[in-house]
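[1] Show me how the following folds:
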Amino acid sequence: MCGIAGILHFDGLADAPKRVMRMTESIRHRGPDDDGFWSDRDVALGFRRLSILDLETGAQPMSNEDGAVQVIFNGEIYNHRTLRAELETCGHVFRSNHSDTEVLVHGYEQWGTALPSRLNGMFALAVWDRRKRTMFLARDRLGIKPMYLADFPGGIAFASEIRALHRSGLVEQEADTERVFEYFQQQNVWAARSMFSGIRLLEPGSWLRIEPGRREQTKFWNVAFARRNQPMAQAAGALREVIQAALARQAAADVPVMVYLSGGIDSSAIVAGAYRLDPGLRAYSCIFDLEGVGDDRGVDEREFSRSVAHYLGVEHIELELPADSLRCSLAATIAALEEPRMGMAYVNYRIAELVSRDSKVVLSGCGGDEILAGYVGRYGVAGDRAAMLSRPTGLIGWLRSLLSTPKPTRETIREAILPMFSYPLLDSELDQAFTPDFRRIAGDYRTRDGLDELVRECPSDSAWDVLMYADLKTYLHGLLMVEDKVSMAHGLETRVPLLDNEIMDLALSFGIDLLTDGVTGKIAFREAIRDWVPPEIADKPKMGFGPPDASWYRGRLQPFVRRVLDPTRIARRGVFQPSFIANAIEDHMSKRANRLPLIWSMLSFEAWCESFNVLGGDLGEACTQYQALT
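    Purely as a prediction, here's the structure:
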């Protein structure tokens, strides 16, 4: 919906309003329709608007009647009409007809810090209470919308994107070497950290309250499993109802709403459900040039997306990406992401670019795999391996294991799921991959340490629950950051109906047998939407969406890969051992090994260094470029 920026300085930064103007201008792409500013002696607030809801009276910052409460927020509140009605019965008077921002203004007046727990939506919000000289920041349950923070002496700056914090002039644009080290161990950065020094994210499901001399941060929501047994028909029926309700809420807008269609079961269900609400919507698919593609040609799901579009009769638009798409998109994609991330995000960047030409809002199936156990291979391996690691050794132990099935411990669960998070580099490769000089400044972080913390805090002893908890906290959060950044770079808002509060709460109450049996995933979900989609979609196994990069790297992209990851450039950067990277590339090109994740991560890292002038910058010759769609 928007981009926000602000500086809280408690009368210690006279030029804060000018700084916030610079911050806000740097994220113009998030809200090209309008801007807004407000300041007093303690705080300065800035806003960029993407007009989607309440087009006439939804401008921000927005205040209460006497101006004592000022609100800026990025996102959408899907239950705003219900909350408005409740607030009106409490005596609050609204100026707008259906602004969700005004619900936050009066909601904060009525409920204070309890406000976020009442919201069903995606949001990063800031409320300034002038009477109490208090700043209140909050971020939605799963972190669908970002909120970056940077402390400085006497205050804090916050924004929707990292670039805005750098434009504030209050934090240096420097790489955090420990986080670089972390990224190459798990192709992600966890626990609300960033790859820039001095910048972090407000944790999902948390609020932060700041007043003179005091700070308080609290989680208002966390993943909680309430598994219970129930008949499949009952579970599927309940899930179908909450999906329909969520789509009705999230398809509401004062502008046209479009839909992504990958051909997988999640996006197909979203298209089918949304089409029932609006037969005039368009579905957008990304397909790939398969000439010369080998074993990974199966990632192209055009036959399934076309089947769904034909079955429903929905207008269907395809974008076919050629084999050199990465070369033309990498620089812009990483500039949008602001830091290397997981997955081949340039595909998401390109399809968002196309959709943004027709609309400001698109619905995505993101999140269905994480909450409904779609990663069937991971869950099957997790349960089996955790049980195996729990079995005692030796003859006596073997005899005892025949009489009872050992229960996995938290430690054995961690060891069972650790390999699923350890890529693109294995722990055993770290000393070979990085230079000694870089290792001396990179700290001692290990993925095992980060996973340890997640395993300890998970509110369940089930291996499957622990894996789901870890996926929701790490993998899903990474996907959501990609989804937000690549879409908002084009002034496009992505909504994720399957992460609606009601669907989440229901899914976390399903017994594991309703979700997966270790062979089939999303069992209840398949039954819930079976009548909406073609039979081949309802029974379709998990494929995963992504380009055939493993083949493309060996083909038309090979010159680009070798140029960007040339050993001389690698040596000049001083982070990686040139011989290690060269050997990994040769292993991939000769098909001795699939080093796709490492090559993507290395390409992303080089583009990041160039785009943000860190760790040597462009080394005197930029190797990445961008070419717009024609």
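
[2] can you point me to the longest helix in this structure?
    helix 232-250 (DSSP state H).

[3] Could you list the buried residues of it?
    Across helix 232-250, burial judged by 16 or more other Cβ atoms under 10 Å covers Ala235, Ala236, Ala238, Leu239, Arg240, Val242, Ile243, Gln244, Ala246, Leu247, Arg249, Gln250. Glycine gets a C-beta too; all of them are placed from N, C-alpha and C.

[4] go on, stretch 590-609?
    Quick answer for stretch 590-609 (16+ other Cβ under 10 Å): 595-609.

[5] next one: stretch 559-566
    Buried, per 16+ other Cβ under 10 Å, within stretch 559-566: Phe560, Val561, Val564, Leu565, Asp566.

[6] So which of these belong to helices?
    Per DSSP H, the buried residues of stretch 559-566 map to helices at Phe560, Val561, Val564.

[7] burial of the nearest residue to Ala345 once chain neighbours are set aside, as a residue count?
    The shortest distance from Ala345 to any non-neighbouring residue, by Cβ to Cβ, 6 or more residues apart in numbering, is to Val482 (4.9 Å). The number of residues packed near Val482 is 22, by other Cβ atoms under 10 Å.

[8] is it true that Val482 touches Met344?
    No: between Val482 and Met344 there is no contact under Cβ atoms under 8 Å: 9.8 Å.

[9] which ones are touching the residue nearest to Ala584 when sequence neighbours are not counted?
    Leaving aside its sequence neighbours, Ala584 sits nearest to Arg595 (Cβ to Cβ, 6+ apart; 4.7 Å). Going by Cβ atoms under 8 Å, 6 or more residues apart in numbering, Arg595 touches Pro424, Ala584, Ile585, Asp587, His588.

[10] ok, Arg595 to Arg215 distance?
    44 Å (Cβ to Cβ, to the nearest Å).

[11] cool, Phe94 as well?
    32 Å.

[12] more neighbours, the two?
    A direct count of neighbours by other Cβ under 10 Å for Phe94 and Arg215 places Phe94 higher, at 15 against 11.

[13] residues near the closest residue in space to the more buried one that isn't next to it in sequence, how many?
    Once flanking residues are discounted, Phe94 sits nearest to Glu102: 5.6 Å by Cβ to Cβ, 6+ apart. By other Cβ under 10 Å, the residues close to Glu102 number 25.

[14] is it true that Ala138 touches Gly121?
    No: Ala138 lies out of contact with Gly121 (Cβ under 8 Å); the separation is 11.2 Å.

[15] ok, Arg240 touching Arg530?
    No: between Arg240 and Arg530 there is no contact under Cβ under 8 Å: 9.3 Å.

[16] List of residues touching the helix or strand where Phe181 lies?
    Phe181 belongs to helix 177-186 when elements are defined using DSSP states H and E. Here helix 177-186 makes contact (Cβ under 8 Å, 6+ apart) with 189-190, 193-196, 339-340, 421-425, 427, 430, 433-434, 438, 441-443, 445-447, 450, 474, 575, 601, 605, 615.

[17] Buried by neighbour count, from the residues you listed: which ones?
    189-190, 193-196, 339-340, 421-425, 433-434, 438, 442, 445-447, 450, 474, 575, 601, 605, 615.

[18] can you tell me which of the residues you listed are in helices?
    Per DSSP H, the buried ones among the contacts of helix 177-186 map to helices at Phe421, Ala433, Phe438, Thr447, Gly450, Ser601, Phe605.

[19] Report the contact partners of Glu88.
    Contacts of Glu88 (Cβ under 8 Å, 6+ apart): Phe94.

[20] Past the helix or strand hosting it, which element shows up next along the chain?
    Following DSSP H and E, one finds Glu88 within helix 80-89. Counting by DSSP H and E, the element after helix 80-89 in chain order, helix or strand, is helix 100-111.

[21] Which residues outside that next one are in contact with it?
    Counting by Cβ under 8 Å, 6+ apart, 53-54, 58, 60, 62-64, 69, 71, 73, 76-77, 80, 83-84, 87, 90, 92, 94-96, 115, 118-119, 121, 125, 127, 129, 136 sit against helix 100-111.

[22] Sort out which of those are buried, if you could.
    If you count burial by 16+ other Cβ under 10 Å, the buried members of those come out as 53-54, 58, 60, 62-64, 69, 71, 73, 76-77, 80, 83-84, 87, 92, 96, 115, 118-119, 121, 125, 127, 129, 136.

[23] which helices and strands sit right next to the helix or strand Leu467 falls within?
    Secondary structure assignment for Leu467, by DSSP H and E: helix 463-470. Applying 3 or more Cβ pairs under 8 Å, 6 or more residues apart in numbering; DSSP states H and E, we find helix 463-470 packed against helix 376-390, helix 410-421, helix 447-457.

[24] 6 Å instead, please
    helix 376-390, helix 410-421 (3 or more Cβ pairs under 6 Å, 6 or more residues apart in numbering; DSSP states H and E).

[25] Surely Asp505 is within a helix?
    Yes: counting by DSSP: H, G, I helix; E, B strand; the rest coil, Asp505 is part of a helix.
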